[in-house]
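Novice: the following block contains a protein sequence and its predicted model.
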Amino acid sequence: MLVPWQEPNLDVNVHISMPSLPTDVGKFQTVQSMIEHAIGCLFVAELSFFLMQHKGHGWEEVLSLAVQEYKTSNIHVSVSKDVKAILCDYGGNMDGLCDSIITVIVENLMSNKFLMESGAK
């Protein structure tokens, strides 16, 4: 438990293979690839948080499990199609674009799969 006046230990020595970034980090080839990568990172973070709450594993194991689940789930295929479609319909409406991206995220949350599985039991 962290005491309010105690500094957290932020020294991390973890070797986890995260979804790969473009070779020239910081320069995505397209806006679509940037959005897809950002959504992928959100999904890994979201699933990590979910697993920490429900599975009782340590954070290193949880992060590794979340990355593995993301890589094997093929959710990135669905997200890629959705992002491509919303960018085609963008038409300069930034609010509409942001709303559409949020919709893609909410509809594809990785924890939904685990919630549906636990509800079915």
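Specialist: Noted; the coordinates are in hand.
Novice: following the helix or strand harbouring E60, which helix or strand comes up?
Specialist: With secondary structure defined by DSSP states H and E, E60 is part of helix 59-73. Next in sequence after helix 59-73, counting helices and strands by DSSP H and E, comes helix 75-88.
Novice: where do the helices sit along the chain?
Specialist: Ranges of helices in the chain, per DSSP state H, are 31-55, 59-73, 75-88, 94-107, 111-120.
Novice: now mean pLDDT too, for those, in a markdown table please.
Specialist: Output for those, formatted as a markdown table (pLDDT from 0 to 100):
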| stretch | mean pLDDT |
| --- | --- |
| helix 31-55 | 87 |
| helix 59-73 | 87 |
| helix 75-88 | 92 |
| helix 94-107 | 91 |
| helix 111-120 | 68 |
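Novice: any chance of these in CSV with mean neighbour count as columns?
Specialist: (C-beta placed from N, C-alpha, C; glycine too.) Output for these, formatted as CSV (neighbours: other C-beta atoms under 10 Å):
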stretch, mean neighbour count
helix 31-55, 17
helix 59-73, 17
helix 75-88, 16
helix 94-107, 13
helix 111-120, 11
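Novice: for the residue nearest to I86 when sequence neighbours are not counted, give its distance to F49.
Specialist: Of all residues not flanking I86 in the chain, S100 sits nearest, at 4.0 Å (C-beta to C-beta, 6 or more residues apart in numbering). S100 is 24 Å from F49, where distance means C-beta to C-beta, to the nearest Å.
Novice: quick one, what contacts the residue nearest to L42 when sequence neighbours are not counted?
Specialist: If the residues on either side of it in the chain are set aside, L42 comes closest to I105, at 6.2 Å by C-beta to C-beta, 6+ apart. Contact analysis of I105 by C-beta atoms under 8 Å, 6 or more residues apart in numbering lists 39, 42-43.
Novice: report the separation between the residue positioned nearest the centre of the chain and N93.
Specialist: Against the mean C-alpha coordinate of the chain, by C-alpha atoms, centre = their mean, the closest residue is F43 at 1.8 Å. F43 sits 25 Å away from N93 when distances are taken as C-beta to C-beta.
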